[in-house]
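Novice: Sequence plus predicted model, see below.
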Amino acid sequence: MAVQIAEVEGYLAQVKDPEIPVLSVLDMGVVRAIRPFEEEGVEIDLTPTYSGCPAMSTISFDIVAELEAQGIHPVKINMVLSPAWTTDWLTEEGRKKLRAYGIAPPEGQAGRIDALFGEAPQPACPRCDSRNTKQLSQFGSTACKALYQCQDCKEPFDYFKCH
């Protein structure tokens, strides 16, 4: 019997990003395609958030482990580098989860000229919603985030950079 894509999506919703465990691989938008493969298997296309992202091998392993535990096999994972992943692929639900977790979600659209030249609006503090924030470092706890501090509540926070 062929695998149902909706069923696979339900299982993938349980596979978390190892660097941001509040987000599933579906929330991140790294799952680009799901196709039935052989009689009871599935083929999944993944796009890394960054080429060379160290989390992708863990994500691939976790996807295979979850699907095989659910009786789906074989599981074939393809890394797809083009088009490149963009923060535009984060789901709205994922953005809400980031904020609730204490990470300011990316604002605006990736590739906007104003964002490229530093003219994008200051990210809102995920704790108090103030836009009176200051960048402390171009890089936060991972390469895809920058470190900011709220000038009102004084709390530091990661901002998931728009790219």
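Specialist: Looks like it came in fine.
Novice: who's in contact with P126?
Specialist: L98, R99, A100, Y101, G102, I103, A104, F157 (CB atoms under 8 Å, 6 or more residues apart in numbering). (Each C-beta comes from the backbone N, C-alpha and C, glycine too.)
Novice: go with 6 Å
Specialist: When contacts are counted by CB atoms under 6 Å, 6 or more residues apart in numbering, P126 touches R99, G102, A104, F157.
Novice: Same question for I34.
Specialist: I34 neighbours (CB under 6 Å, 6+ apart): I5, V8, I44.
Novice: mind listing the strands for the protein?
Specialist: Ranges of strands in the chain, per DSSP state E, are 31-37, 41-46, 75-79, 103-104, 133-137, 145-150, 156-160.
Novice: Distance to W85 and mean pLDDT added to these, as CSV?
Specialist: Shown next, in CSV, are the strands of the chain (distance: least, CB to CB, whole Å; pLDDT from 0 to 100):
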stretch, distance to W85, mean pLDDT
strand 31-37, 9, 95
strand 41-46, 9, 97
strand 75-79, 11, 97
strand 103-104, 17, 95
strand 133-137, 23, 95
strand 145-150, 15, 94
strand 156-160, 12, 94
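Novice: For E92, find the nearest of the ones you listed.
Specialist: Closest to E92 of those is strand 156-160 (CB to CB; 13.9 Å).
Novice: and that closest one, how far from the chain's centre?
Specialist: When C-alpha coordinates are averaged (CA atoms, centre = their mean, to the nearest Å), strand 156-160 and its chain have centres 15 Å apart.
Novice: Check stretch 16-33 too.
Specialist: 5 Å.
Novice: quick one on the thing from earlier: can you select the buried ones from the contacts of I34 in PyMOL?
Specialist: Buried subset of the contacts of I34, written as a PyMOL selection, criterion 16 or more other CB atoms under 10 Å:
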select buried, resi 8+44
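Novice: okay, now the domains of the chain?
Specialist: As given by automatic domain parsing, the domain ranges for the chain are 5-79, 87-160.
Novice: mean pLDDT for these: which is lowest?
Specialist: Ranked on mean pLDDT, the bottom entry among the domains of the chain is domain 87-160, at a mean of 87.
Novice: What's the end-to-end length of that one?
Specialist: Domain 87-160 has an end-to-end distance of 8 Å (CA to CA, to the nearest Å).
Novice: Now the residue most central in space within the chain: closest residue in space, sequence neighbours ignored.
Specialist: Closest to where the C-alpha atoms of the chain average out (CA atoms, centre = their mean) is M28, at 2.7 Å. Take M28 and drop its neighbours on the chain: the residue closest to it by CB to CB, 6 or more residues apart in numbering is D17, 5.5 Å away.
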